[in-house]
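In: this is the structure alone, sequence omitted:
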């Protein structure tokens, strides 16, 4: 009985609009899995295979029909009138055998195992063979791996292989976490053009422009002899008009890199003069895409409250934060340079 019930669950009645018991349509929910499993078994045992894929020193037997169904690359090869359509052996270049084995396994099972070490080989191979689902899986994997340590590398990798959505996500991560990204090895390995393109972005999430300035100095000092001549071009991409006069003055007097570059020193001196004369700025402030949040602190309900909550305007969701150390009502608050400040005149007394 249990076996019969299981079989019934595997059969879904598709056409049930009428009560006609003499005309029905059924869909076998596990049919596709069963066919794929059988095809995989047949490949393993070299049953009805009609093509051999030569990858380096290894040979993989497969079915042209399966390859063509899963990959536009193979479909064009076997149906487009190319000489390979008549061949029983096809040599593939630019793919290592272990990665080809994983891709063939996916074609026959719909499953693929991705690791940090293998993803950098799987994605280019899947792109070459145009196996879209594997490309998507690799992009999802890399998106979940994003961190300040690897975000720049993932963005470059995604751009190289035409993964536009992953490239967008990686760049958004870089913008949002610039303060951490600029401390990593990948940052100092950027080319001059890559660095300028990055620090010119309006969306760069920094509390102060000094973070961008100091990041540029770190980049120059990593290879000062070679990069010192490029400092002026890079410095022009920093929004130095938002540096304070005291900071600019300190840099002109004490920064060894600036002291050795008269053009850079004069550039900062000009900005210093403009700031002290309160001239109108010719550059606009950065506008990072940070969450829009309303904070609600304290309050009064028969007595002062210790609650602290945040409302995200973009997601329309409330979040309960750590309670105030002392219940307060009549609070004032400000958000300054990434720090939430709350203040009050005195502790509120219960209403009489």
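Out: Here it is on my side, so go on. Note that the structure is predicted; figures quoted are calculated from it, not measured.

In: domain boundaries for this structure, per the record?
Out: Domain assignment for the chain by automatic domain parsing gives 32-170, 193-276, 293-343.

In: dump these into CSV; add mean pLDDT and distance to residue 26 as well.
Out: C-beta coordinates here come from the backbone N, C-alpha and C atoms, glycine included. Output for the domains of the chain, formatted as CSV (pLDDT from 0 to 100; distance: least, CB to CB, whole Å):
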stretch, mean pLDDT, distance to residue 26
domain 32-170, 96, 14
domain 193-276, 96, 53
domain 293-343, 81, 43
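
In: between those domains, which one is nearest to residue 179?
Out: Closest to residue 179 of those is domain 193-276 (CB to CB; 5.7 Å).

In: what about the closest one, distance to the chain center?
Out: Using CA atoms, centre = their mean, to the nearest Å, the mean C-alpha position of domain 193-276 is found 28 Å from that of the whole chain.

In: and the helices in the stretch 51-200 of the chain, which stretches?
Out: With helices called from DSSP state H, counting those that start in this stretch, the stretch 51-200 of the chain shows them at 64-70, 72-79, 97-109, 119-129, 132-145, 151-160, 164-176, 178-181, 185-188, 192-199.

In: count the neighbours of residue 192 for me.
Out: 15 (other CB atoms under 10 Å).

In: assign the closest residue to it other than its chain neighbours to helix, strand or coil.
Out: Among residues not flanking residue 192 along the chain, residue 230 sits closest, at 4.9 Å (CB to CB, 6 or more residues apart in numbering). Three-state call for residue 230 (DSSP: H, G, I helix; E, B strand; the rest coil): helix.

In: my read is that residue 230 contacts residue 191, right?
Out: No. Applying CB atoms under 8 Å as the test, residue 230 and residue 191 come out as separate, 9.8 Å apart.

In: comparing these two, which residue is more hemmed in?
Out: Neighbours per residue, other CB under 10 Å: of residue 230 and residue 191, the larger number sits with residue 230, 16 against 9.

In: ok, now which ones touch residue 282?
Out: By CB atoms under 8 Å, 6 or more residues apart in numbering, residue 282 lies in contact with residue 241.

In: that one belongs to a helix?
Out: No. Assessed with three-state DSSP, residue 282 is coil; it does not lie in a helix.

In: tell me the pLDDT of it.
Out: pLDDT recorded at residue 282 is 83.

In: and the nearest residue to residue 172 once chain neighbours are set aside, how many neighbours does it have?
Out: Spatially, and ignoring its direct neighbours in sequence, residue 172 is nearest to residue 289 (7.4 Å; CB to CB, 6+ apart). The number of residues packed near residue 289 is 12, by other CB under 10 Å.

In: sorry, back to before: okay, the helices of the stretch 51-200 of the chain in a markdown table with distance to residue 257 next?
Out: Below are these laid out as a markdown table (distance: least, CB to CB, whole Å):
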| stretch | distance to residue 257 |
| --- | --- |
| helix 64-70 | 55 |
| helix 72-79 | 51 |
| helix 97-109 | 45 |
| helix 119-129 | 35 |
| helix 132-145 | 34 |
| helix 151-160 | 23 |
| helix 164-176 | 24 |
| helix 178-181 | 21 |
| helix 185-188 | 14 |
| helix 192-199 | 15 |
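
In: out of those, flag the one nearest residue 293.
Out: Minimum separation from residue 293 across the helices of the stretch 51-200 of the chain (CB to CB) falls at helix 164-176, 14.3 Å.

In: what's the angle from that closest one to helix 151-160?
Out: 150 degrees (axes from the mean of the first three to the mean of the last three CA atoms, to 10 degrees).

In: from the chain's centre, how far out does helix 164-176 sit?
Out: Worked out by CA atoms, centre = their mean, helix 164-176 lies 5 Å from the chain centre.

In: buried sites along it?
Out: Buried residues in helix 164-176, counted by 16 or more other CB atoms under 10 Å: 166-167, 169-176.

In: how about residues contacting stretch 264-272?
Out: Outside stretch 264-272, the residues within contact range by CB under 8 Å, 6+ apart are 231-232, 235-236, 240-241, 243, 245, 248-249, 251-252, 257-259.

In: inside helices: which ones of those residues?
Out: 231-232, 235, 245, 248-249, 251-252, 257-259 (DSSP state H).

In: just confirm residue 37 is within a helix.
Out: Yes. Checked against three-state DSSP, residue 37 lies within a helix.

In: which strand or helix spans residue 273?
Out: Using DSSP states H and E, residue 273 maps to helix 262-276.

In: partners of the very next helix or strand once past that helix in the sheet?
Out: Once helix 262-276 ends, the next helix or strand along the chain (criterion: DSSP H and E) is strand 293-297. Looking at strand 293-297 with DSSP bridges, its partner strands are strand 308-312 (antiparallel).

In: buried stuff in the partner strand?
Out: For strand 308-312, a neighbour-count test (16+ other CB under 10 Å) marks 308, 310 as buried.

In: quick check: residue 318 touching residue 307?
Out: No. Under the criterion of CB under 8 Å, residue 318 is not in contact with residue 307, lying 10.9 Å apart.
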